[in-house]
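[1] Let's see this in three dimensions:
(4 chains, ligands or ions: 4)
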Amino acid sequence: MSTAQESAASPRLRELGLDREDALQMYRNMLITRGVEERGHILFRQGKIPGSFYTGRGNEAAAVGAAFAMHAEDWGTPLHRDMGVHITRGIEPWRIFAQYMGRADGPTQGKDGNVHLADARLGLIAMVSHLPAMLPVAVGCALAFRIRGEQDRCAFAWSGEGATARGDFHEGVNLAAVRNLPCVFIIDNNQWAYSTPNDLSYNTQRAAERANGYGIPGITVDGTDVLEVFEAIKAARERAVSGQGPSVVECLTLRMEGHAVHDDAFYVPKEKFDEYAEKDPVERFRTWLMQNVAFSEDEDEAIRTSVKRLLTEALEKAEASPMPDPATATEGLFASPEELDNPHH
Amino acid sequence: MSTAQESAASPRLRELGLDREDALQMYRNMLITRGVEERGHILFRQGKIPGSFYTGRGNEAAAVGAAFAMHAEDWGTPLHRDMGVHITRGIEPWRIFAQYMGRADGPTQGKDGNVHLADARLGLIAMVSHLPAMLPVAVGCALAFRIRGEQDRCAFAWSGEGATARGDFHEGVNLAAVRNLPCVFIIDNNQWAYSTPNDLSYNTQRAAERANGYGIPGITVDGTDVLEVFEAIKAARERAVSGQGPSVVECLTLRMEGHAVHDDAFYVPKEKFDEYAEKDPVERFRTWLMQNVAFSEDEDEAIRTSVKRLLTEALEKAEASPMPDPATATEGLFASPEELDNPHH
Amino acid sequence: MAEKTYLQAISDGLRQEMERDERVYLIGEDIGVFGGAFKVTQGLQEQFGEWRVIDSPLSETAIVAACTGSAIVGMRPVAEMQFADFVSCAWDHLTTVSAKQRYRAGTAIPMVVRLPCGGGFSGGPFHSQMYDGYFAHCPGLKLALPSTPEDAKGMIVEAIRDPNPVLFFEHKHLYRRVKGEVPDELYSTPFGKARVAREGTDVTVVAWSAMVWTALDAAEELAKEGISVEVIDLRTIAPLDFESVAASVARTSKAVVLYEDTRTLGFGAEIAARIADELFESLDGPVKRIASADVPIPFSPPLEKAVLPQVEDVVREVRELANW
Amino acid sequence: MAEKTYLQAISDGLRQEMERDERVYLIGEDIGVFGGAFKVTQGLQEQFGEWRVIDSPLSETAIVAACTGSAIVGMRPVAEMQFADFVSCAWDHLTTVSAKQRYRAGTAIPMVVRLPCGGGFSGGPFHSQMYDGYFAHCPGLKLALPSTPEDAKGMIVEAIRDPNPVLFFEHKHLYRRVKGEVPDELYSTPFGKARVAREGTDVTVVAWSAMVWTALDAAEELAKEGISVEVIDLRTIAPLDFESVAASVARTSKAVVLYEDTRTLGFGAEIAARIADELFESLDGPVKRIASADVPIPFSPPLEKAVLPQVEDVVREVRELANW
Ligand SMILES: Cc1ncc(C[n+]2csc(CCOP(=O)(O)OP(=O)(O)O)c2C)c(N)n1
Ligand SMILES: Cc1ncc(C[n+]2csc(CCOP(=O)(O)OP(=O)(O)O)c2C)c(N)n1
Ligand SMILES: [Mg+2]
Ligand SMILES: [Mg+2]
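    Ligands and ions are numbered 1, 2, ... in the order given. Prediction:
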């Protein structure tokens, strides 16, 4: 990368504290995220994925942008549209494929499926189905940081806009607010909760206005713009770790597919899809990179090729992973004391 | 009552759609409310009340004022500080004493104690301990009114300010808001939740600001002023039944005793008590009546005497009620079909 | 009479009862426009409008509490949990308010919560639970768990008409797999009466919901070996028709309780304990239980199969007991 | 060694373990300034500060979920529910997240939820429940229910050190009524080992928590009639020391399970079912259960007494079984 390119990157990126390398990394993570889910879809159609299958198509920028603003020691609880968070934190894609297919080498060793996974070594906690049950768990992480007086550590909790209607959201955000905990609440607002439109989920103009009930800031950003997301989450993190308390950041996107594979999203107006197809997060960022940091077609091709290779190899490796031994079905219910002897414990 | 007195009543009362008789009725209900709880206290000290004992001292105006704004066909879910609601809706005090003492003639026939009671014929639903579990139940009443297209029927839900931190509050208010249901949410803000001060319960200036998260109005009134409460709740009801949706009314008071008999409220600053002793709801309204509707000492004396007699007779009647037959302990778990053949079903 | 799926039978029951009684309404997530995650309520919003088939926010407590409140003021609510597993989010309300209100305060609460339950299709730990054991422990609730289309229709209607909170467990595995003759007209099937799903003389197998089919398949196998199995389908576990269980065990002297819920304190534990007490003198062998292993239901097929009771498990256990 | 109440023993255990391990913190409603509704945590906020003894909002789910999260990042949280009954508001979190996380995702969650439980003092339907049966059905949770001050201290410490979610049931009726010698030093009492609370030869009574005392009182009565009762105190019901139960029943041939929870599917159902299966050949009489009636716990004393198991109920049932 030439210094000419470097400096071409500067104005916006420098303002964000990012360099060109970072921006390309974001782009790459978005590509991997989309690629993992696209391959997952193919695997599902091939009958290789048991149960159902969900993706976060359209949410790549929101997930990657937010995760990019996390620090290494931070913790987070991403949900089912947030594959980009796992990717950005560094999970190996082959383990995701293994998880999808219920293989022994998936992070849950076949015990759970889909994106109900996480690598705790990367500071992520595996989601449960019940929404948004993991949000107050993230608040618990923040509480631990506060009790221990850790000054530069923050917890990140994700919730869909629909799930903000649940009691768990309320109790978690309220506790964080009254205790001023270092926490960032990210609302993935993809405008539908399964088939439920926003006006049946909340009664404010913006989902972020939920924050008003807790006396904390709530802002809304364009979730298809990875840099805008990054900027907002970074600011929210700074706020949180400087002792000013939690806040809500709503990332507005559109769920570009059905709720899951069996759903054709007939209830979403076609024009909506058209509108958001124009704003495809990956395409959008690619264009931005070309216009702003002299990103070339060749560079793009190189990244895409490397991502493709990564995923192809990941798939091969995952398919080589065996199905779990039935004997393990009844193992692992309880932890043993030694398990607590790890870095974070 | 002379016509001179009548017209003396006019300005403020007429504005509220009340006449002098109504005002005296409110006053009487506040006296009965306080009297019931004071006698209860004595009964407790006499060892006649099993378990624990709670009162709503300081909340008489808030409870009576709100209940006075309810229409006959309305439904409500008052809580443990809201004895005034039961009194205003017309429960016979002797049945409350019977309940306190676990007698067979209490509304729950000894199955439950304290103010965990209600007479459904008066449009009230008996509270459970879990707070504020009854709030979304009231929303269910409002939903029924809406489904049936009943145009002038409203549901009233009460919650302490502390209990607004619970998920049930959030889910209930949110559902009412998105469906624009005829519902009024009353927050009894008595500044403590057991020993927990307001800044550990919510993070806004006023508890009523919780409403902001649901896109509905939230106002705060002086809960020691029965007319101010009445006015606010009446307006909220009108709003609700005219299809403009639910709203929150916060009644600011002070819990003038401990959380329950065993609690001396050492954690409440003495000055707070002094400040609110000055604003005692009963005294305040008595003074107001004297200054505004020519309420005389004689009239006051007459009312007080009649209330005293009512309560003395009530106590006698309650004490004459037998303890429940142990055989009834295992009865009444399930309803029979005939029970549904009553007016509201 | 026509052949219907279990799913269609429930759907028909709901529709016909809604036509008969305008107090009946449905509420749940995605049950209106979408027709429900399993399409049980498909077409009902079109027929009855958006105030009788209500798409709710993602709020299980509000959904169920709204049922309680509206039932008290005269409606006949039927809630759908998108999966039975999510009823945990309304656990407090159901056990604290709905279940106890009649006993405490004398208030009847005629409401139904529909619970698409059960495993066997890689739903994983949160889309596979039965959830019957948890609620069967709570006094004040009725639990209906039909195994056939005919019962499914009659029991959903009975559930709606019952003046108490009823949890209606619809087994997802039966929805489209089980078909049977279902009367066209509206009818209701009384609670608390078990059904002899197959007559037999050597061993009694007590089951309900999808496990009735597992028991029947096992009985078929065992018949080939000359072992005659009686299969009792409880249909409701609260109320429980223990008389029918007792009558059968008194004849066979041997009992197996088969249930899909986890072994420890699944409802089969209660039945086994009652048999052990009340039929002690009749028993010619230990009371056996076959159930899911005491772990969450895993996702991956070989693991899930190892956890859920299989036909071969029943064959093995019954054979062993028959030879006791 | 000094004589302590059950309550004091728990309080001491908490304090000493907090002194030893700074990762331990407490969270709950009114546990700090007020010292807890029962004063178990009195003085602890003064000693450890407001970030290790945290007064939470009225939010059971947030309290328990905060424990889960903080445990994952290295803390050793101990939550207090003001009454066990209110854990219903955290039911979903405990059973959905805390209990299943290790199995699903391999994440250890060392946390404790303290549950002041049980009836007998007119607490009414919402301040009297045991709540052990509901949770014993959920794989992934440990349930400790000490009956003596010595166990109460050792087991609260063990609960904190256990790398799993532990529900610690403190019987309110024992708090101030039961006194006993309690070692001054810090110690922990291992889970999963039952205790013979009284030796006997004719009938085994299996109990835990406050019912151990009811059983002992009954045994005393029965001894006068020449009936020798062995009382087993399970101490933890998950893990369950069934070996000790089996060993005793193998000797006495007769078993009664005594529990305060409601009869249907209280944990006694599981024990009775296991005895009926695994000890079938040893039994000389039916397995009997004595438990609360299947209703909410009523408020009024005569009603409450009729519902909760009384010493005379145990005497009557054991006598009948002894004469079987
Ligand atoms: C408590 C709970 N109830 C129901 C469901 C079933 N469900 C899964 S995703 C979903 C919609 C969630 O909407 P939203 O929060 O907006 O997230 P999105 O899927 O749109 O990203 C529902 C209802 C669930 N997972 N959890
Ligand atoms: C879910 C739940 N948790 C705990 C309690 C115990 N409790 C009873 S009253 C109370 C404080 C309630 O405070 P608030 O809502 O402000 O009402 P107030 O008593 O002050 O009127 C608590 C914690 C309860 N009743 N319900
Ligand atoms: Mg959404
Ligand atoms: Mg308060």
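[2] Can you give me the pLDDT of residue A:77?
    Turning to residue A:77, the model gives it a pLDDT of 98.
[3] Who are the contact partners of residue 34?
    Looking at chain A here, since you left the chain open. A:57, A:60, A:282 (C-beta atoms under 8 Å, 6 or more residues apart in numbering or on different chains). C-beta: built from backbone N, CA, C; applies to glycine.
[4] Actually, chain C is the one I wanted.
    Applying C-beta under 8 Å, 6+ apart to residue C:34 gives the contacts A:194, A:195, A:263, A:267, C:55.
[5] By proximity to ligand 2, which residue of chain A wins?
    In chain A, the residue that lies nearest ligand 2 is residue A:171 (10.7 Å; C-beta to the nearest ligand atom).
[6] wait, which of the contacts of residue A:34 is closest to residue D:226?
    residue A:57 (77.8 Å; C-beta to C-beta).
[7] Strands of the stretch 1-150 of chain C, residue ranges please.
    C:2-5, C:24-28, C:53-55, C:76-80, C:111-117, C:142-144 (DSSP state E, counting those that start in this stretch).
[8] Tabulate those strands (JSON lines), appending distance to chain B and mean neighbour count.
    Below are the strands of the stretch 1-150 of chain C laid out as JSON lines (distance: least, C-beta to the nearest C-beta, whole Å; neighbours: other C-beta atoms under 10 Å in any protein chain shown):
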{"stretch": "strand C:2-5", "distance to chain B": "28", "mean neighbour count": "15"}
{"stretch": "strand C:24-28", "distance to chain B": "6", "mean neighbour count": "24"}
{"stretch": "strand C:53-55", "distance to chain B": "8", "mean neighbour count": "25"}
{"stretch": "strand C:76-80", "distance to chain B": "8", "mean neighbour count": "27"}
{"stretch": "strand C:111-117", "distance to chain B": "9", "mean neighbour count": "28"}
{"stretch": "strand C:142-144", "distance to chain B": "8", "mean neighbour count": "27"}
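[9] Quick one: closest of those to chain D.
    With C-beta to the nearest C-beta as the criterion, chain D lies closest to strand C:142-144 of the strands of the stretch 1-150 of chain C, at 11.1 Å.
[10] and the residue in the stretch 201-345 of chain A that chain D sits nearest to, what does it touch?
    Proximity of the stretch 201-345 of chain A to chain D (C-beta to the nearest C-beta) peaks at residue A:335, 3.5 Å away. By C-beta under 8 Å, 6+ apart, the contact list for residue A:335 reads D:102, D:108, D:109, D:110, D:163, D:164.
[11] can you count the residues close to the closest residue to the last one other than its chain neighbours?
    On the basis of C-beta to C-beta, 6 or more residues apart in numbering or on different chains, the spatially nearest residue to residue D:164 that is not a chain neighbour turns out to be residue A:334, at 5.1 Å. Using other C-beta atoms under 10 Å in any protein chain shown, the number of residues around residue A:334 comes to 19.
[12] so how far is residue D:103 from residue A:334?
    Here residue A:334 is placed at a distance of 8 Å from residue D:103 (C-beta to C-beta, to the nearest Å).
[13] Look up the residues that both of the two are in contact with.
    residue D:140.
[14] what about the stretch 201-345 of chain A, any weak spots by pLDDT?
    A:342-345 (pLDDT under 70).
[15] what ranges do the strands span in it?
    A:218-222, A:247-252.
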